[in-house]
Structures are given as C-alpha cells and as structure tokens.
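K.L.:
Sequence plus the predicted model coming up.
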Amino acid sequence: MPTTTRHVRLLLLGGFRLLHDAKPVVVPRGLQRVIALIGLRPGTTRSHLAGLLWPDATEERALSSLRTAIWRLRQDPCCPLHTIGDTVRLDPAVDLDVDDLVRTAARVADDGDPRAAARALAAGRHDLLPGWYDDWVLLERERLRQLRLHMLEQIARTHLTAGRHGEALQAALEAMAAEPLRETPHRLVVQIHLAEGNAFEALHAFYVYRDLILRELHLEPSAAMSALLDDTLAPIRRRPTPPGPRPPDADPGPPRRHHHPPPDDGAVTAPPAR
C-alpha cells in the first residue's frame, strides 16, 4: 500500500500556527512554548530547554515537566520530534518559517542577489510570536528583527548600485516601516531620490525624518545624512540675496535741505532801526 507524505509547517512569525497538510492543528499553550523553543533552538540539550521554559522551577522539576511535554508531543504525529542523546529537535521534514527568513538573509549577504529576497519582503513583516514575553522569545525576536533590517538595507543598496531605483525604494521603505526611527533606511531613501534627480523628494524625505527624531528623541540627523544634501543645497547657499525695495521702517536718513533764492520783486528792504 503506497504511503503518502504529510506536510507539516510551523509558523512563528505573526503568531503560533501549526499546519498539517495546510490544516491548522490545535495545540495547548503550554505545548506551543515547547514546540516553538525546540524549533528556534534546534539541538539544544534537555537541561537548557527546561531551564528556559521553567526558569522559576528547580532543575529536577523543570526536567520532569519537559519529559512530560515531549511524551505528549510524541503521541501526536502532527509535530514529529527527533531526540538524539540529550538533544531534541524538530523532524527535518517540518518547515519552519523562521528558517526561510534566515536562509534568505544568508543568500543575500553571501552573493548580494536581491532577487533571492523577494519572498522575504512580505514574509518577515510580522514579529516573532507577538504577545509572548518570555526572555528567550524577546531575544530571538530582536535577533530576527535586526536580521531582516540589515537584509532589506542590503537589498536596497544592491538595487541602488544597479540603477534599479524602484526596487531599491521598495526595500528601503520596508525597512523604514519595520523601524521608523532607524536612520539608515531614511538615508537610503534620500540617496535613491538624489540618484533619480528628484531633489524635492530628497529634501522632503530628509525633513520628514528630521522632524520625526526631533519630536521623538530630541536629536538631529547625523552629519553623514546631512552631508548627502550638501551638493543639492550648495547653489542655494551660494546665491547672493537680491536687492529689494527699502523696507517701510528703514531709516530715511537726515532730511534734505532745500535752498530757495530770495524773492526779486523790486521791494526795498527797510534799513534796520537805529
């Protein structure tokens, strides 16, 4: 009798979802934490997993809770596990969306091919396990956030160098949406507009960012970002101020004296009285 291969996919970006042949599998919250951590830390020892999952429990109690969780997971073929010695990992057949993002970022960093990241522009938009506040979740969430930001910025630079300004702008705006206060994507947007010859768009992007960080952080853009506009603003700075009409409140200076000749009407001036 022929066997059929069932497809299992674990999604952690945007929230926990376990799909079995594209159908969602209901997993209790406690087991969700175990599955997510094993997926994010493949090959981790049992004692380390137990310490991360139950940090307030004694080591013996934490290991006992982990053994129970692993036993329960083994009863359900929807999320197969592999145990090798003292380590636990997901079955290699389980697709993990975090792995897709990590592999894509590695390809972009290795060969600089921006086409390799086309899928990741949308796939990595959501945070890892939003609403979860375990220490190990917060650490992994920040790691993946920084990984995606650097990947998007690399894509934007590569497209900009190749003259693909539309694609460069899309990647830079994705990075800007992920972290609005980060200067690097704003700087890339200014560079892209300048490369296209759009001085107004470049100035607008600069002052939008300047107003944002002044309002939120009470900071000015870096000298490196301000220098991008030196060539654009140089003609304006060098242009002399054109002379204009004298303002109405200007000092008119001393009044002019008018000398009128005495009237010559033939009259005789009387001599002065003695």
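P.N.:
Done, it's in.
K.L.:
Could I get the full set of helices for the stretch 1-150 of the chain?
P.N.:
Assigned by DSSP state H, counting those that start in this stretch, the stretch 1-150 of the chain shows helices spanning 29-40, 46-53, 59-74, 97-111, 120-123, 135-161.
K.L.:
tell me the mean pLDDT for the fifth one?
P.N.:
Pointing back at helix 120-123 there. Mean pLDDT, helix 120-123: 66.
K.L.:
any idea of the pLDDT on the closest residue to Arg41 other than its chain neighbours?
P.N.:
Leaving aside its chain neighbours, Arg41 sits nearest to Leu49 (7.1 Å; criterion: Cβ to Cβ, 6 or more residues apart in numbering). Where you see a C-beta, it was placed from the backbone N, CA and C, and this is true even at glycine. pLDDT, Leu49: 96.
K.L.:
ok, Leu49 - how many residues close by?
P.N.:
22 (other Cβ atoms under 10 Å).
K.L.:
ok, now Pro235?
P.N.:
8.
K.L.:
just how off-centre is the helix or strand where it lies within its chain?
P.N.:
Pro235 belongs to helix 230-238 when assigned by DSSP states H and E. Counting by Cα atoms, centre = their mean, to the nearest Å, helix 230-238 is centred 30 Å from the centre of its parent chain.
K.L.:
For that helix, list every residue counted as buried.
P.N.:
Thr232 (16 or more other Cβ atoms under 10 Å).
K.L.:
Quick check: the residue nearest to Arg41 vs Gln32, distance?
P.N.:
14 Å (Cβ to Cβ, to the nearest Å).
K.L.:
One more: Ser222?
P.N.:
In terms of Cβ to Cβ, Ser222 sits 42 Å off from Gln32.
K.L.:
Those two: which has the busier surroundings?
P.N.:
Gln32 (17 against 12).
K.L.:
Can you tell me the closest non-neighbouring residue to that one?
P.N.:
Phe16 (4.8 Å).
K.L.:
That neighbour: neighbour count?
P.N.:
19.
K.L.:
right, and it touches Val34 too?
P.N.:
No - with contact defined as Cβ atoms under 8 Å, Phe16 does not count as touching Val34 (11.2 Å).
K.L.:
in the sheet, who's paired with Leu11?
P.N.:
Arg17 (DSSP bridges).
K.L.:
Please name the residues that touch it.
P.N.:
Arg17, Leu18, Leu19, Asp97 (Cβ atoms under 8 Å, 6 or more residues apart in numbering).
K.L.:
Please report the distance of it from Asp100.
P.N.:
Taken as Cβ to Cβ, the span from Leu11 to Asp100 is 10 Å.
K.L.:
Same question for Arg187.
P.N.:
Taken as Cβ to Cβ, the span from Arg187 to Asp100 is 28 Å.
K.L.:
Same drill for the two, tell me which one is more crowded.
P.N.:
Neighbours per residue, other Cβ under 10 Å: of Arg187 and Asp100, the larger number sits with Arg187, 20 against 15.
K.L.:
Which residues in stretch 93-108 does the neighbour count mark as buried?
P.N.:
Buried-residue list, stretch 93-108, by 16+ other Cβ under 10 Å: Val94, Leu96, Asp97, Val98, Asp99, Leu101, Val102, Thr104, Ala105, Arg107, Val108.
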